[in-house]
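**Q** pasting the sequence and the predicted coordinates here, then a few questions.
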Amino acid sequence: MSTIEDFETAIQDINNPTKQPDMSNMDNWLCVHATNYMPRSNENGELYIPTTGMATDYKYARATVHFTLNQIVGSHLGGNWDASQFVILIPYKKLVELNGNPEVVASADTYFMPNPDTGMILPKGTRIVCPNNDTLFSVGDEISTYKTSDFTDEEIELFLSYFGPSLRYEYTKYKNADFAEYEIRELLETESDMIRDLYKHAETQQEKSAILRIILEKRKNALLTTHLRKMVVHMTMKKMGYEYVESHEDANSNKVAETARAHGIEGHSGDKVHWETLEYQFEQRGIDWLDIIRLCETNDIEKIYEFCCASTTKLLVNLILGKEHINVYQSYQDLFKKFIESKRVHAQIDLRTAQEYPDWDDSFKKKQEAMELSKYADELEQGGIKAYSGPYLDIVLHRNAARLEQDFATALEKLRQNPEYPMLVKMLTDLINDGPRWCKTEYGWLTDEDILTPWSKVDLAKLLNDTGHRT
């Protein structure tokens, strides 16, 4: 059982770290994986982390498992892991012994592409941090726990002493429900569609206030939980003999990258490397298809049209209009070719920059980057997808493509049964031809030109009926 004294000591340790680890030594590296799921157990009794592809039966084409080094992952453009309930801590060297080297090492994003049949096998010595409301927190030899609700007033006061001024201000704001109308709108934007709809359709101010109180209570609790989780992870690391790294934006990230490269592993000081890989491009294309299928399944003409207007690709538009055949496999192949071409274009830019500024300090570096990009593009073109992506993408391309095509065909058939489907076709045709934009009003579907025309309600209703538009 933990005590208030334990809590106070832990807070002091976090606020006054004793030392920073030497990240040029791999013995000091601890892989940290935040997730909403406990590790699975295989038939040999070994624990493993499945890839997202494995966990969703390859509905999501994600082949990688990601870790930070000696710190919990923070929020960034790729996502937010503050609500991840489980944190898995694994000594780097032991993880590599069982699974092989990672694809890329970076302090903020070290990722592996494990065997799709086994996932990431976890070695002995792995620690798991997970929720348990029986006590405020506990730090064990295998499992550490932290509380996620029902905090006492005394515990909350201790938290507030740990928080900096900005976090104390945020917590107090949630507690007092001190929000202007525009701030409430901003809060709602980050909530689920269901919560937004409940608030939007609430009939009285009393109902809206009740919904807002639920949102603020959840935010208040999440703030406490997130920081308690961080504290328990910090303490668990210390018990394992590792030091917590407070920031990736310092010399540590460079040391990590240099050490990885010295061991023949691709190392980077940034965290955007995965976004620039072929594997990520394929993962995203799989997600694109799922989004398209789900959108068509909603049968919501307005949402589909809004999506098409905002989309950077004409794929969905052409599919709905019947101008393009459903071919997920070809979609992936086209992306592969575009990816290779993009590498060649970047190589040409780097080379041209180096030639135009021969006296520039980074001129030699730019030439090297151009050569590497060109070589990478040549190897990709000659070796094909399988040579660089292993068995995982082979599964995605051959097994998942057929299913995605079938799911889309079913969703499209459902959409075509919508009485307003002919109007959607008309709207999308106008969109392709850069014609007028459409929106739905109480009088039916209108273009921006209709809305700008000063018709009276009677004339407008007559116009719509005369032109065959639905009202």
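**A** The structure has been received and is ready for your questions.
**Q** in this structure, which helix is the longest?
**A** helix 205-240 (DSSP state H).
**Q** what is the subsequent helix or strand relative to that helix?
**A** helix 251-262 (DSSP states H and E).
**Q** quick one: strands adjacent to the helix or strand just after that following helix?
**A** In the C-terminal direction, the helix or strand that comes right after helix 251-262 (DSSP H and E) is strand 266-267. Strand 266-267 pairs in its sheet with strand 104-105 (parallel), by DSSP bridges.
**Q** show me what the next helix or strand after the strand it pairs with is packed up against.
**A** As assigned by DSSP H and E, the chain's next helix or strand after strand 104-105 is strand 110-112. For strand 110-112, the packing partners by 3 or more C-beta pairs under 8 Å, 6 or more residues apart in numbering; DSSP states H and E come out as strand 65-69. Placement of C-beta: from N, CA and C, glycine included.
**Q** any idea how far the strand it packs on is from the chain center?
**A** Distance, stretch centre to chain centre, for strand 65-69: 14 Å (C-alpha atoms, centre = their mean, to the nearest Å).
**Q** report the angle between it and helix 251-262.
**A** Counting by axes from the mean of the first three to the mean of the last three C-alpha atoms, to 10 degrees, strand 65-69 lies at 120 degrees to helix 251-262.
**Q** give me the contact list for strand 65-69.
**A** Contacts to strand 65-69, defined as C-beta atoms under 8 Å, 6 or more residues apart in numbering, come from residues 23, 29-33, 49, 51, 73, 90, 92, 107-114, 119-120, 245, 248, 256, 274.
**Q** buried subset of the residues you listed, written for PyMOL?
**A** Remark: buried members of these, expressed as a PyMOL selection using 16 or more other C-beta atoms under 10 Å:
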select buried, resi 23+29+30+31+32+33+49+51+73+90+92+107+108+109+110+111+112+113+114+119+120+245+248+256+274
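**Q** that older thread, can you list the buried residues in the longest helix of the chain?
**A** For helix 205-240, burial by neighbour count (16+ other C-beta under 10 Å) applies to 208, 211-212, 215-216, 219-220, 223-238, 240.
**Q** and for stretch 133-142?
**A** Result for stretch 133-142 [16+ other C-beta under 10 Å]: buried residues 136-139.
**Q** what's the span of it, first residue to last?
**A** Using C-alpha to C-alpha, to the nearest Å, the end-to-end distance of stretch 133-142 comes out at 18 Å.
**Q** and for that stretch, what's in contact with it?
**A** Applying C-beta under 8 Å, 6+ apart, the set of residues contacting stretch 133-142 is 1-2, 6-7, 10, 126-128, 132, 144-150, 155, 228, 231-232, 235-236, 239.
**Q** among these, which ones are in helices?
**A** 6-7, 10, 155, 228, 231-232, 235-236, 239.
**Q** and the residues you listed, which two are furthest apart?
**A** Greatest spacing in these, by C-beta to C-beta: Glu155 and Lys239 (21.7 Å).
**Q** excluding its backbone neighbours, what's nearest Lys367?
**A** Ala354 (4.5 Å; C-beta to C-beta, 6 or more residues apart in numbering).
**Q** show me the contacts for that neighbour.
**A** 360, 363-364, 366-367, 370.
**Q** which of the residues you listed fall in helices?
**A** Those of these lying in helices (DSSP H): 363-364, 366-367, 370.
**Q** among those residues, which ones are buried?
**A** 366-367, 370.
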